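Colleague: Fold the stuff below for me.
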Amino acid sequence: MSTTTLAASVEKEATTAWRPHGGPSTFVRPHPAWADLDVTAREEVYELTRELRRLEAALDPEGLSTTGRAVLARLRPLGRSQEPSG
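Modeller: Predicted coordinates for the structure are as follows:
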């Protein structure tokens with residue numbers, strides 16, 4: 001794998017909404033690929049991620065990005081309805 005291909009792969013991984021965590025009560029950590037990026041690449045990935053999230057939200061019927069959905073999933077108690085009871 002070339003250096004350019006590897007860098008593109010790491011940047012692609014770092015732009016996903018997936019983040020490691022140990023369970024519902026622990027903090028979400030940065031994506032492991034983030035540690036492989038230098039300062040310039042981190043700034044580029046940050047800006048690309050912001051743009052991707054805007055596009056995701058624009059395409060989503062509820063206006064949510066994958067990050068927004070991931071956050072809401074962590075906030076909702078397991079087994080509970082997403083809709084408020086009436």
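Colleague: hey, where'd the helices end up in this structure?
Modeller: With DSSP state H as the criterion, the chain has helices at 3-14, 39-59, 66-75.
Colleague: Would you mind putting the ones you listed into CSV with distance to His31 alongside?
Modeller: The C-beta positions use only the backbone N, C-alpha and C, and glycine is treated the same way. Formatted as CSV, these follow (distance: least, CB to CB, whole Å):
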stretch, distance to His31
helix 3-14, 5
helix 39-59, 9
helix 66-75, 12
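Colleague: Mind putting these into TSV with mean neighbour count, distance to Pro30 and mean pLDDT?
Modeller: Formatted as TSV, the helices of the chain follow (neighbours: other CB atoms under 10 Å; distance: least, CB to CB, whole Å; pLDDT from 0 to 100):
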stretch	mean neighbour count	distance to Pro30	mean pLDDT
helix 3-14	14	8	67
helix 39-59	13	10	90
helix 66-75	14	13	83
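Colleague: Pro32 is nearest to which of those helices?
Modeller: Nearest to Pro32 among these is helix 3-14 (7.9 Å), distances taken as CB to CB.
Colleague: which residues touch Arg19?
Modeller: Arg19 makes contact with 28-31, 70 under the criterion CB atoms under 8 Å, 6 or more residues apart in numbering.
Colleague: Narrow those residues to just the buried residues.
Modeller: With burial judged by 16 or more other CB atoms under 10 Å, the buried subset of these is 31, 70.
Colleague: Which one of the contacts of Arg19 is nearest to Arg76?
Modeller: Using CB to CB, Ala70 comes nearest to Arg76 of the contacts of Arg19, at 11.2 Å.
Colleague: Just to check, the closest one is in contact with His21?
Modeller: No - between Ala70 and His21 there is no contact under CB atoms under 8 Å: 10.0 Å.
Colleague: Quick check: chain neighbours aside, which residue is closest to the residue most central in space within the chain?
Modeller: Nearest to the geometric centre of the chain sits Ala17, at 1.5 Å (CA atoms, centre = their mean). Leaving aside its chain neighbours, Ala17 sits nearest to Thr66 (3.6 Å; criterion: CB to CB, 6 or more residues apart in numbering).
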